[in-house]
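**Q** Next comes the sequence, and after it the predicted model I'd like to discuss.
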Amino acid sequence: MLNPNLDEIQLTKDDYERYSRHLILPEVGVEGQKRLKAASVLCIGTGGLGSPLLLYLAAAGIGRIGIVDFDVVDHSNLQRQVIHGTSWVGKPKIQSAKNRILEINPYCQVDLYETRLSSENALSIMEPYDIVVDGTDNFPTRYLVNDACVLSGKPNVYGSIFRFEGQATVFNYQDGPNYRDLYPEPPPPGLVPSCAEGGVLGILPGIIGVIQATETVKIILGQGQTLNGRLLLFNALNMTFRELKLRPNPERPVIEKLIDYEEFCGIPQAKAMEAQQQSEMQEMTVTELKQLLDSGADGYVVIDVRNPNEYEIAKIPGTTLIPLPEIENGDGVAKVQELLNGHKLIAHCKMGGRSAKALAILKERAGIDGINVKGGITAWSREVDPSVPEY
């Protein structure tokens, strides 16, 4: 309801005190604060982007906030997901988020949807809300959020982050572009590493999430120039902002219904290929690796294909570091060949995915067969040696 009947909205004495710094802004004033109080916003995700976004939307006086998430708080979240605290580790993120929102603004209505957003529920979940804010971190959900916003005619305030870089824009607003104008087709599965693999500066999602919150408030107020038609690119290392123009593509396919977005992004096919590769590839558990290392058996070489900085954090004794990028560019293949010298190869990484990819490359390019360690060093830390840090 971006054009509410403001005569029906009343500000209380507490509202005047709480939002006094808004009320003295000519661009907000009493009318603008009433608009914020009447507004409803749905946030998809309570992670790095959702955390600052939700904090500032609640503080700004948004009357109704919906949250979609099905995850629990993990220690590794606390570096960037500032809405959660240590006491909430192991508990649902949406409950943690609601608890913090109500501490900031007890007058905000908070709706919780502890479920995975899907083609079956997206339209019904979005229906009561004026604006949808995308705080997700995967391509299937981003396309789903986009298409559901197009079908329901709702603005989609978008943000994404990786390592030291972030981007933000507003999709599907005032006849502007949508996500498919920026990315007509999803990248091949596995091409873009997740933050769990590639890392992310903890402050970065705070910056992008606050930009998303700012755009959301501006849309509600009807003030300023939004990022509609502009993609804002931020580089935290260089502290630079750049802008790209976005325009609707007149030849883009018409979105008529929600589809299977896992299928659209090639996830089932990639999983099937991965399963086939794993069925053709020997695997061993971390317990079996421990027994092998303890036995002092000759004839095996264990390589670690993680990045050097990961190797500094935690390592399995007796392993040799040959990062996956070196294997991909060919330099590492020669290193492995020299290292083996007739021995059997064992490979591991953080959780088993990169080592499987490395072994597939070594098999294809050099005919080297190897054994993949299931679960990688994460499983080693959990099942063999808890003194090895998890990250």
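**A** Nice, thanks for sending it over.

**Q** Going by C-alpha atoms from here, please, whenever you check contacts or count neighbours.
**A** Will do.

**Q** Which elements pack onto the one helix or strand Ala213 maps to?
**A** Assigned by DSSP states H and E, Ala213 belongs to helix 204-221. Here helix 204-221 touches helix 29-38, helix 50-60, strand 131-134, strand 156-162, strand 165-171, going by 3 or more C-alpha pairs under 8 Å, 6 or more residues apart in numbering; DSSP states H and E.

**Q** show me where the stretch 1-150 of the chain has strands.
**A** Ranges of strands in the stretch 1-150 of the chain, per DSSP state E, counting those that start in this stretch, are 40-44, 64-68, 109-113, 131-134.

**Q** one step back: tilt between the helix holding Ala213 and strand 165-171?
**A** Here the directions of helix 204-221 and strand 165-171 differ by 20 degrees (axes from the mean of the first three to the mean of the last three C-alpha atoms, to 10 degrees).

**Q** Let's see helix 204-221 as PDB, backbone CA atoms only.
**A** Extracted in PDB, the C-alpha atoms of helix 204-221 (Å, rounded to 0.1, in the frame of the first residue of the first chain):
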ATOM      1  CA  LEU A 204      30.600  -5.300   3.500                       C
ATOM      2  CA  PRO A 205      27.100  -6.700   3.900                       C
ATOM      3  CA  GLY A 206      26.500  -3.900   6.400                       C
ATOM      4  CA  ILE A 207      27.200  -1.300   3.800                       C
ATOM      5  CA  ILE A 208      25.100  -3.000   1.100                       C
ATOM      6  CA  GLY A 209      22.300  -3.800   3.500                       C
ATOM      7  CA  VAL A 210      22.100  -0.200   4.700                       C
ATOM      8  CA  ILE A 211      21.900   0.900   1.000                       C
ATOM      9  CA  GLN A 212      19.000  -1.500   0.500                       C
ATOM     10  CA  ALA A 213      17.300  -0.100   3.600                       C
ATOM     11  CA  THR A 214      17.800   3.400   2.300                       C
ATOM     12  CA  GLU A 215      16.300   2.600  -1.000                       C
ATOM     13  CA  THR A 216      13.300   0.900   0.700                       C
ATOM     14  CA  VAL A 217      12.600   4.000   2.800                       C
ATOM     15  CA  LYS A 218      12.900   6.300  -0.200                       C
ATOM     16  CA  ILE A 219      10.400   4.200  -2.200                       C
ATOM     17  CA  ILE A 220       7.900   4.400   0.700                       C
ATOM     18  CA  LEU A 221       8.500   8.200   1.200                       C
END
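
**Q** now it: how far from the chain's centre is it?
**A** 17 Å (C-alpha atoms, centre = their mean, to the nearest Å).

**Q** which outside residues touch it?
**A** The contact list for helix 204-221 (C-alpha atoms under 8 Å, 6 or more residues apart in numbering) reads 2, 27-28, 32, 35-36, 39, 48-54, 56-57, 80, 131, 133, 135, 157-161, 164-170, 224, 226-227, 236.

**Q** Swap in 6 Å and give it another go.
**A** Applying C-alpha atoms under 6 Å, 6 or more residues apart in numbering, the contact partners of helix 204-221 are 32, 48-49, 52-53.

**Q** swap in stretch 362-379?
**A** Stretch 362-379 is contacted from outside by 282-285, 345-352, using C-alpha under 6 Å, 6+ apart.

**Q** can you tell me which of the residues you listed are in strands?
**A** Counted as lying in strands by DSSP state E, out of the contacts of stretch 362-379, are 282-284, 345-348.

**Q** Near Thr216, how many other residues are there?
**A** 24 (other C-alpha atoms under 10 Å).

**Q** Then the one 3 residues further on?
**A** With neighbours defined by other C-alpha under 10 Å, the count for Ile219 comes to 20.

**Q** In the sheet, which residues pair with Phe162? Tell me.
**A** Glu165 (DSSP bridges).

**Q** Pull up the gap between it and Glu262, please.
**A** Using C-alpha to C-alpha, to the nearest Å, Phe162 is found at 21 Å from Glu262.

**Q** quick one on the thing from earlier: want to try a markdown table for the strands of the stretch 1-150 of the chain, with mean pLDDT, mean neighbour count and distance to Arg180 as columns?
**A** Listed next are these as a markdown table, based on pLDDT from 0 to 100; neighbours: other C-alpha atoms under 10 Å; distance: least, C-alpha to C-alpha, whole Å:
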| stretch | mean pLDDT | mean neighbour count | distance to Arg180 |
| --- | --- | --- | --- |
| strand 40-44 | 98 | 24 | 18 |
| strand 64-68 | 98 | 23 | 22 |
| strand 109-113 | 98 | 17 | 26 |
| strand 131-134 | 98 | 26 | 14 |
